[in-house]
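Chemist: Got a predicted structure here, sequence first:
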There are 2 protein chains.
Amino acid sequence: MNIRVGILGYGNVGKGVEKAVLENKDMTLVAIFTRRDVSQIESNTKVVNIKNILDYKDKIDVLVICHGSAFDMPNDTPLYAKYFNVIDSFDTHSKIYEHFNNVDESSKSNNKVALISCGWDPGLFSINRLMSECIVPNGDTYTFWGPGVRQGHSDALRNIKGVKKAIQYTIPIEENVNKIRNGERIKLTPREKHLRECYVVVEDDSLKERIENEIKTMPNYFDEYNTIVNFITEEEFDKNHNKMPHGGFVIRVSDDEVIEYSLKLNSNPNFTGLILTSYIYAVYRLFNENNYGAKSVFDIPISYLTNKTKEKLLKEYL
Amino acid sequence: MNIRVGILGYGNVGKGVEKAVLENKDMTLVAIFTRRDVSQIESNTKVVNIKNILDYKDKIDVLVICHGSAFDMPNDTPLYAKYFNVIDSFDTHSKIYEHFNNVDESSKSNNKVALISCGWDPGLFSINRLMSECIVPNGDTYTFWGPGVRQGHSDALRNIKGVKKAIQYTIPIEENVNKIRNGERIKLTPREKHLRECYVVVEDDSLKERIENEIKTMPNYFDEYNTIVNFITEEEFDKNHNKMPHGGFVIRVSDDEVIEYSLKLNSNPNFTGLILTSYIYAVYRLFNENNYGAKSVFDIPISYLTNKTKEKLLKEYL
């Protein structure tokens, strides 16, 4: 098996996919496509300007779209699904249905397969939310995220005037997590589920009070949570806060069952890259079965994530 | 939607399926089929002697086979898959492949669907073992069972001469579980993974020493483990050891990820009943798609476990 893979977008997730595909002996990484100046990209993979992407129409089996969810994917995935089998990790939960329908139309009418919203949330966590509710209909499901870096909230901090560098960690409130793990079906407000801890480097010490107040009262992002603001030096920031750890858990609780799925990740984008890469197998297989159109992780049997034979799966994994 | 369900075998798992199907508004429980004297079965469901099961050939959409794995299912599932769409929870891991092939032949040649080995292990744990390895190829997978009652080992205790009542609990060794949860990829012997704790009622106190020795040295069952034997009174046994709790966890560990799926169950057979019931949807749907033959949980997309619309799944669960 040799699946020819392309990557569109070379940010953190694109780099994660590159790493995972290069380690996969069933796949060949054909090219990375970028909007940036090709000469500025450091990679051993072939880097191609996005304006030439259609030259690769017949040279790539699956294109992994690694642009941002907020502005790029809503346009990019329907567009490129006309020419390629694609996967994206679109994660704006409220717009997934609309995105799915857009992608379905363009992929189906061009006999292509398009898997959307494939990552860990949406993705693996979604599978666990749905599956545990199907099995245990009378219960409550809780999703916690972290401890880990939340990109959107870190950006919000960096947009505050006088902030030089900043990062935000989402931390599940352990006391309440443990109650749920012990089978209590409690109702929790956002404040009771997660704590927000910020590490901030300021341009001038005199700004600290104003900045701390601005953070803690920021609507949607921080005002509904208990927020801890730590001011640190730039040196400490660069040394201790240059990673992107993440994780979380989905817990289903009923009177008689506690089902939990949990992740602890050293690198959020690298793990997303690994998930996308395993689903490349599925997209390739669906295409070969002429099963075109948009798909979500709910539509994909687990056996489609691998090249292992049915015999091996039944003997070694079931 | 109204799926007509039959249950073959009215032991603990059969009762679990009955409970789950009766609570499911998309399903009707048509009958329980038994080898026992029909008049001796206490249930509000219609109870039918197994010799009349073929009268129900066109009155049942999915038959759930709840006979034992060791002796009955190897014959029963291929036999009844000729006449019904079936599900079983066949759990003899070493014979799954052979069982699958037998069932595949009889179901396929009769245009029926047959899902085998559907429970939590094999079943949900298998899905998690396979899925986490597909996503994280470079890592180690650990499966722990318990704390919970192990039926086979309890039976082995009861077969010892002089034992009146007995139960065995399998207990994961927490110290080693925690090492793995913290990312250590250690090699563990059976003794380092699980402890076996037995509660035994003897016919005569003078037999204790011999029985304890016989238990601890029993090949395969106990000799490879640290085993604790507690002799208790029949009164205490009946009061405190009449439940079938179980659970366990599947952990995948790599240098950068820890993925864990865990279950805590008050009733092992009731939970198996819930799983079987959710997969009834899948068997029914595969049959309506003319997708005949034997299947495992690896072949079933999660969206097949429910009657919810695609719109609802994408909007509320993804």
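Modeler: Looks like it came in fine.
Chemist: Sticking with A:T227, tell me its helix or strand.
Modeler: In the assignment (DSSP states H and E), A:T227 maps to strand A:226-231.
Chemist: which residues touch that strand?
Modeler: For strand A:226-231, the external contacting residues (C-beta atoms under 8 Å, 6 or more residues apart in numbering or on different chains) are A:191, A:195-202, A:208, A:211-212, A:215-216. Every C-beta, even on glycine, is put in place using the N, C-alpha and C of the backbone.
Chemist: Now do it, average pLDDT.
Modeler: Strand A:226-231 comes out with an average pLDDT of 97.
Chemist: The residue of the stretch 1-150 of chain A found nearest chain B: how many residues sit nearby?
Modeler: Taking C-beta to the nearest C-beta, chain B has its nearest neighbour within the stretch 1-150 of chain A at A:C134, 4.0 Å off. By the criterion of other C-beta atoms under 10 Å in any protein chain shown, A:C134 has 23 neighbours.
Chemist: so A:S89 makes contact with A:V13?
Modeler: Yes: assessed by C-beta atoms under 8 Å, A:S89 is found in contact with A:V13 at 6.6 Å.
Chemist: who touches both of these two?
Modeler: Shared contacts of A:S89 and A:V13, counting by C-beta under 8 Å, 6+ apart, come down to A:C66, A:T272, A:L276.
Chemist: how about stretch A:248-258: buried residues?
Modeler: A:G248, A:F249, A:V250, A:I251, A:R252, A:V253, A:S254, A:D256, A:E257, A:V258 (16 or more other C-beta atoms under 10 Å in any protein chain shown).
Chemist: same thing with stretch A:301-311?
Modeler: Result for stretch A:301-311 [16+ other C-beta under 10 Å]: buried residues A:P301, A:I302, A:S303, A:Y304, A:L305, A:T306, A:K308.
Chemist: Does the nearest residue to the fifth one once chain neighbours are set aside lie in a helix or a strand, and which?
Modeler: Same thing as A:L305. Spatial nearest neighbour of A:L305, chain neighbours left out: B:C134 (4.0 Å); criterion: C-beta to C-beta, 6 or more residues apart in numbering or on different chains. Per DSSP H and E, B:C134 falls inside helix B:124-135.
Chemist: Show me what the helix or strand following that helix is packed against.
Modeler: Using DSSP H and E, the helix or strand that follows helix B:124-135 in sequence is strand B:140-145. Other helices and strands packing on strand B:140-145, by 3 or more C-beta pairs under 8 Å, 6 or more residues apart in numbering or on different chains; DSSP states H and E, are helix B:124-135, strand B:163-172, strand B:246-253.
Chemist: quick check: angle from strand B:140-145 to strand B:163-172?
Modeler: Counting by axes from the mean of the first three to the mean of the last three C-alpha atoms, to 10 degrees, strand B:140-145 lies at 150 degrees to strand B:163-172.
Chemist: Run me through the strand neighbours of strand B:140-145, direction for each.
Modeler: As defined by DSSP bridges, the strand partners of strand B:140-145 come to strand B:246-253 (antiparallel).
Chemist: surely the residue of the stretch 1-150 of chain A closest to chain B meets B:I300?
Modeler: No: the criterion here is C-beta under 8 Å, and A:C134 misses it with B:I300 at 11.0 Å.
Chemist: can you tell me which residues contact the residue of chain A positioned farthest from its centre?
Modeler: Distance to the chain centre peaks in chain A at A:S206, reaching 37.5 Å (criterion: C-alpha atoms, centre = their mean). Contacts for A:S206 (C-beta under 8 Å, 6+ apart) come out as none.
Chemist: A:E203 touches A:K164, doesn't it?
Modeler: Yes: using C-beta under 8 Å, A:E203 makes contact with A:K164 at a distance of 5.1 Å.
Chemist: residue ranges for the helices of the stretch 51-200 of chain A, please.
Modeler: A:73-80, A:96-108, A:124-135, A:151-158, A:174-181, A:190-193 (DSSP state H, counting those that start in this stretch).
Chemist: mind checking which of those helices is nearest A:D238?
Modeler: Closest to A:D238 of the helices of the stretch 51-200 of chain A, according to C-beta to C-beta: helix A:151-158, at 14.7 Å.
Chemist: give me every residue that touches the closest residue in space to A:A282 that isn't next to it in sequence.
Modeler: Among residues not flanking A:A282 along the chain, A:Y304 sits closest, at 3.9 Å (C-beta to C-beta, 6+ apart). When contacts are counted by C-beta under 8 Å, 6+ apart, A:Y304 touches A:Y281, A:A282, A:R285, A:L286.
Chemist: about what we covered before: packing partners of the helix holding B:C134?
Modeler: Helix B:124-135 sits against helix A:124-135, helix A:268-288, strand B:140-145, strand B:246-253, strand B:257-265, with contacts defined as 3+ C-beta pairs under 8 Å, 6+ apart.
Chemist: if we go to 6 Å?
Modeler: helix A:268-288, strand B:246-253 (3 or more C-beta pairs under 6 Å, 6 or more residues apart in numbering or on different chains; DSSP states H and E).
Chemist: Buried residues, stretch A:168-176. List them.
Modeler: Residues A:Q168, A:Y169, A:T170, A:I171, A:P172, A:I173, A:N176 are the ones in stretch A:168-176 that count as buried (16+ other C-beta under 10 Å).
Chemist: Now flag whichever of those residues is closest to A:H99.
Modeler: A:T170 (24.3 Å).
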